[in-house]
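**Student:** here are the coordinates; sequence isn't available:
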């Protein structure tokens, strides 16, 4: 599957937000990329342009392709609740995102790779599908053979950000997906209502 593997700072500058986490290069150049990024007067974006950019921002933040993003939105629109919030909840419940939230990997792209390579188990069985959707009380763990991997141990040592909708046992390298997070528990700076408006046209 095609994934963006280019310069991440350039994408962050495009959205004027450090969507991939702390970035010294972004802090130095927090203006749009390109030769005239700092000086060029930008035309006022249309309503559609603003909505499209917000969707693109969400896709790049979570590393989701267009088709999968649309399928997730359609699923969210059929569920009870506020569609935008449900959309983010479903995305947060993806296995690659939860592996990232647990701190097993320092990035979502790294978490996706760990899942794809069979290092992660769900309820005692290896799951190698990054988009696998977790439900309440699912147990996510590092595969026994993978617990000695340096990349995983280093990531867990550096990880300090914990979430109260997730429960993590450092000693066993096992975590529980307690429930879908509330909107205020999702730290990403995304205006999901703009995405809903875009798909509603």
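**Tutor:** Noted; the coordinates are in hand. Everything numeric here is computed off the predicted structure, so don't read it as measured data.
**Student:** need the strands for the protein, in chain order.
**Tutor:** Using DSSP state E, the strands of the chain run over 120-122, 125-126, 138-142, 166-169, 174-177.
**Student:** and of the ones you listed, who's closest to residue 188?
**Tutor:** Closest approach to residue 188 among the strands of the chain is made by strand 166-169 (15.4 Å; C-beta to C-beta). Quick note: C-beta positions are derived from backbone N, CA and C, even for glycine.
**Student:** And the closest one, what's buried?
**Tutor:** Neighbour-count burial for strand 166-169, with 16 or more other C-beta atoms under 10 Å as criterion, is recorded at 166, 168.
**Student:** So which elements touch that strand?
**Tutor:** helix 95-102, strand 174-177 (3 or more C-beta pairs under 8 Å, 6 or more residues apart in numbering; DSSP states H and E).
**Student:** From residue 198, how far out is the closest residue to residue 197 other than its chain neighbours?
**Tutor:** Leaving aside its sequence neighbours, residue 197 sits nearest to residue 51 (C-beta to C-beta, 6 or more residues apart in numbering; 5.5 Å). The gap separating residue 51 from residue 198 is 4 Å, by C-beta to C-beta, to the nearest Å.
**Student:** the more surrounded of those two?
**Tutor:** Applying other C-beta atoms under 10 Å to residue 51 and residue 198 shows that residue 51 carries more neighbours, namely 21 against 17.
**Student:** what residues are up against that one?
**Tutor:** Shown in contact with residue 51 (C-beta atoms under 8 Å, 6 or more residues apart in numbering): 194-195, 197-198.
**Student:** Most neighbours out of those residues, which is it?
**Tutor:** Neighbour max across these (other C-beta under 10 Å) = residue 195, 25 neighbours.
**Student:** CSV for the helices and strands packed on strand 166-169, including mean neighbour count and distance to residue 112?
**Tutor:** Shown next, in CSV, are the helices and strands packed on strand 166-169 (neighbours: other C-beta atoms under 10 Å; distance: least, C-beta to C-beta, whole Å):
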stretch, mean neighbour count, distance to residue 112
helix 95-102, 24, 4
strand 174-177, 20, 17
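**Student:** could I get the ones you listed as a markdown table with distance to residue 160 and mean pLDDT?
**Tutor:** Shown next, in a markdown table, are the helices and strands packed on strand 166-169 (distance: least, C-beta to C-beta, whole Å; pLDDT from 0 to 100):
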| stretch | distance to residue 160 | mean pLDDT |
| --- | --- | --- |
| helix 95-102 | 12 | 97 |
| strand 174-177 | 15 | 98 |
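**Student:** Tell me which of those sits nearest to residue 138.
**Tutor:** Nearest of the helices and strands packed on strand 166-169 to residue 138, taken as C-beta to C-beta: strand 174-177 at 4.6 Å.
**Student:** Just name whatever secondary elements that closest one is in contact with.
**Tutor:** Packing partners of strand 174-177 (3+ C-beta pairs under 8 Å, 6+ apart): helix 95-102, strand 138-142, strand 166-169.
**Student:** So, low pLDDT: which residues of this structure?
**Tutor:** Confidence mapping of the chain against pLDDT under 70 gives the ranges 1-43.
**Student:** please redo it, this time with the cut-off set to 90
**Tutor:** 1-45, 160-162, 201 (pLDDT under 90).
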